[in-house]
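In: coords please:
(2 chains)
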Amino acid sequence: RKEVEQDPGPFNVPEGATVAFNCTYSNSASQSFFWYRQDCRKEPKLLMSVYSSGNEDGRFTAQLNRASQYISLLIRDSKLSDSATYLCVVKVMDSNYQLIWGAGTKLIIKP
Amino acid sequence: NAGVTQTPKFRVLKTGQSMTLLCAQDMNHEYMYWYRQDPGMGLRLIHYSVGEGTTAKGEVPDGYNVSRLKKQNFLLGLESAAPSQTSVYFCASVRDRDNYGYTFGSGTRLTVV
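Out: Okay, the predicted model is just below:
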C-alpha cells in the first residue's frame, strides 16, 4: 500500500463547477500536510498548506481529517487555468523530516 | 533572482554512460534535494543535503551519487546509466527543515537507451 494515495483521475469538470478530491495517508505519525500543483511537464509548486481546522485561500479550501487519515481539496468556480495535476504531500515526524508525495490527481477544466 | 536552476534540461544516454546533473540555487537555502518522478508514482527522494559538505541517502539512492561542495550547488551523478534510470529528475531547495515551501528546478528529462 502506498503511503499517500490519490485517485489519479482525470477529473473532467466544466468551467465554473466545483470539484473536490481526496488523499489518504497511511502513517499516523504524519505531521504536516500540503497540496502542490504541477502543470504539464513543469515542476511542482506549493498551492497551500493544510491546517487541522481547515483553511481557505480564495477559491481553494483544504480540509484535514486525522481520525480517518485523509485530506481534501475543494476548488470552487473552477477556471480553465486550474487544469493541472494536484499533488498531496505529507510530512512525517521522523529524524529526516522528509516529504512523502502522492502520485497526483489530474484535473481538466473544460470550457 | 533565478531560484533553482537545473542543467541540462534534456539528455539521452546510452546504457553504461555516466553524467552529472547540476542544481544551483541562489536563495541561500540550507536544504537541497534530488527527486525522480515516474509515471503513476509520486516524487521519490534520491539523495538530499542539509548543508554544505553534507549528503544523505533518500528512498531510492542506488545507482546515484551526490556532492555538495558549495552551499549553492548540489550535483547528482550517474556513474553507469541504466534504462531503469529513465525519468524526470527534479532538484528542490528549502531554507530549513521547518519551512515547507520547496522551490523546484524545472526538471531534467533523462532517457537511457
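In: Near chain A, which residues of chain B are found?
Out: Listed as neighbours of chain A in chain B under the rule C-beta under 8 Å from any C-beta of the partner chain: B:35, B:40-45, B:48, B:56, B:58, B:90, B:97, B:100-102, B:104-107. To be clear about C-beta, it is placed using only N, CA and C from the backbone, and glycine gets the same treatment.
In: Show me these that map onto strands.
Out: Here DSSP state E is the test, and those give B:35, B:44-45, B:48, B:56, B:90, B:104 as lying in strands.
In: Now, of those residues, which are buried?
Out: Among those, those classed as buried by 16 or more other C-beta atoms under 10 Å in any protein chain shown are B:35, B:44-45, B:48, B:90, B:104.
In: if I look at residue B:2, how far off is residue B:23?
Out: Relative to residue B:23, residue B:2 is positioned 12 Å away (criterion: C-beta to C-beta, to the nearest Å).
In: Give me the more crowded residue out of the two.
Out: In this view residue B:2 and residue B:23 are compared by other C-beta atoms under 10 Å in any protein chain shown, and residue B:23 has more residues nearby, 27 against 9.
In: Looking at that one now. What's its pLDDT?
Out: As summarised for this prediction, residue B:23 has a pLDDT of 98.
In: partner residues bridging the spatially most central residue of chain B?
Out: With distances taken as C-alpha atoms, centre = their mean, chain B has residue B:34 as the residue nearest its mean C-alpha position (2.9 Å). Here residue B:34 sits in beta bridges with residue B:47, residue B:91, as judged by DSSP bridges.
In: what's near enough to touch it?
Out: For residue B:34, the contact set (C-beta atoms under 8 Å, 6 or more residues apart in numbering or on different chains) comprises B:21, B:23, B:45-48, B:58, B:64, B:66, B:74, B:76, B:89-91.
In: What pLDDT is listed against it?
Out: Here the pLDDT value assigned to residue B:34 is 97.
In: That one and residue B:83, how far apart?
Out: If you measure residue B:34 against residue B:83 using C-beta to C-beta, the figure is 19 Å.
In: Close to chain B: what parts of chain A are there?
Out: Applying C-beta under 8 Å from any C-beta, one finds that chain A approaches chain B through A:2, A:4, A:8, A:32, A:34, A:41-46, A:49, A:87, A:91, A:96-104.
In: Swap in 7 Å and give it another go.
Out: A:4, A:8, A:32, A:34, A:42-44, A:46, A:49, A:97-98, A:101-103 (C-beta under 7 Å from any C-beta of the partner chain).
In: Around residue A:87, how many other residues sit close by?
Out: Neighbour count of residue A:87, defined by other C-beta under 10 Å: 26.
In: Tell me the bridge partners for it.
Out: In this structure, residue A:87 has beta-bridge partners residue A:36, where bridges are defined by DSSP bridges.
In: wait, it sits on residue A:99?
Out: No: counting by C-beta atoms under 7 Å, residue A:99 is not a contact partner of residue A:87; they are 10.0 Å apart.
In: Which pair of the ones in strands among the residues of chain B next to chain A spans the longest distance?
Out: By the measure C-beta to C-beta, these have their two most distant members at B:56 and B:104, which lie 19.2 Å apart.
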